[in-house]
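Colleague: Model the following, please.
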Amino acid sequence: MKNPVQEVLFSLLEKLLFVFSLCSADPGEDKAKSRFYDTSSFLRGDMLEVPRLHLTHYGIYLGDNRVAHLMPDILLALTDNPKLTQPVVSSKRLFLGVFFRVASIRVDTVEDFAYGGDILVNHMDRTLQRKALQNEEVALRAEKLIGSSPYSLLWNNCEHFVTYCRFGTPISTQTDQLCENVKTLIRDQRSFLASAILGLVFIVYVGLASFATLPAIFIPFMLWVIG
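Modeller: This is a model prediction of the structure:
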């Protein structure tokens, strides 16, 4: 028997997502999803990589136009009905899934996985300079992990999933780069000065409580000193 509160929440969320989709639909979305991909050169166990504007999405090719990939999806927290969760994950479902750390390793078509983007095959073999496992073992690893999965943008994302399958070790170059950027930012004296000045301005002119704004001064300073 379904939880009535869960059903109400799902209904409200569904309506909100529908309204948002009407307000912010991408006019080129249908064209992107209908793009044809030639999979004749793909081998079972290949790592597929789709560069996006800011991030890269990864998956493992399972053959027969199927790709296993880790996708955040808020619907997984609200329903276990496959008819609702199986359709391709929209950007709104994905965003909320990241926020609430709910995800699954799912199987989609190459078209739904790539969503109109260009596909690179086994590109990370060269960039990581690591020896990949045999393709069949890679595919079997991916298939064993299909299902619900915890999600962390930093510690368990789609890149961790594919590198574990292909190289035997979960690695995320995107996470490493993000951490390096943060370290560079907090080591920059200008960043410390900017945050300190901003905190002082809030205290003096805006009237915010010092306990709320002082961390804006001291936390970056301590991180900068430690770094």
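Colleague: Just give me the neighbour total for Val138.
Modeller: Val138 is flanked by 25 other residues according to other C-beta atoms under 10 Å. Just so you know, the C-beta spots here come from the backbone N, C-alpha and C atoms, and that holds for glycine as well.
Colleague: Renumber starting at 477 from here on
Modeller: Sure thing, new numbering starts at 477, so read that last one as Val614.
Colleague: That one: what secondary structure?
Modeller: State at Val614, reduced to three classes by DSSP: H, G, I helix; E, B strand; the rest coil: helix.
Colleague: which residues does the closest residue to Glu613 other than its chain neighbours contact?
Modeller: Nearest residue to Glu613, sequence neighbours excluded (C-beta to C-beta, 6 or more residues apart in numbering): Gly521, at 7.3 Å. Counting by C-beta atoms under 8 Å, 6 or more residues apart in numbering, Gly521 makes contact with Ile536, Tyr537, Gln610, Asn611, Glu612, Glu613, Val614, Ala615, Arg642.
Colleague: Isn't Gly539 up against Arg520?
Modeller: Yes: with contacts counted by C-beta atoms under 8 Å, Gly539 reaches Arg520, the gap being 4.1 Å.
Colleague: so what's in contact with the two at the same time?
Modeller: With C-beta under 8 Å, 6+ apart, Gly539 and Arg520 have common neighbours Ala615.
Colleague: Tell me, how many residues neighbour Thr555?
Modeller: Every residue meeting other C-beta under 10 Å relative to Thr555 is counted, giving 17.
Colleague: oh, I was asking about Asp549
Modeller: Asp549 has 22 nearby residues by other C-beta under 10 Å.
Colleague: and if you look at Gly535?
Modeller: For Gly535, using other C-beta under 10 Å, the count is 29.
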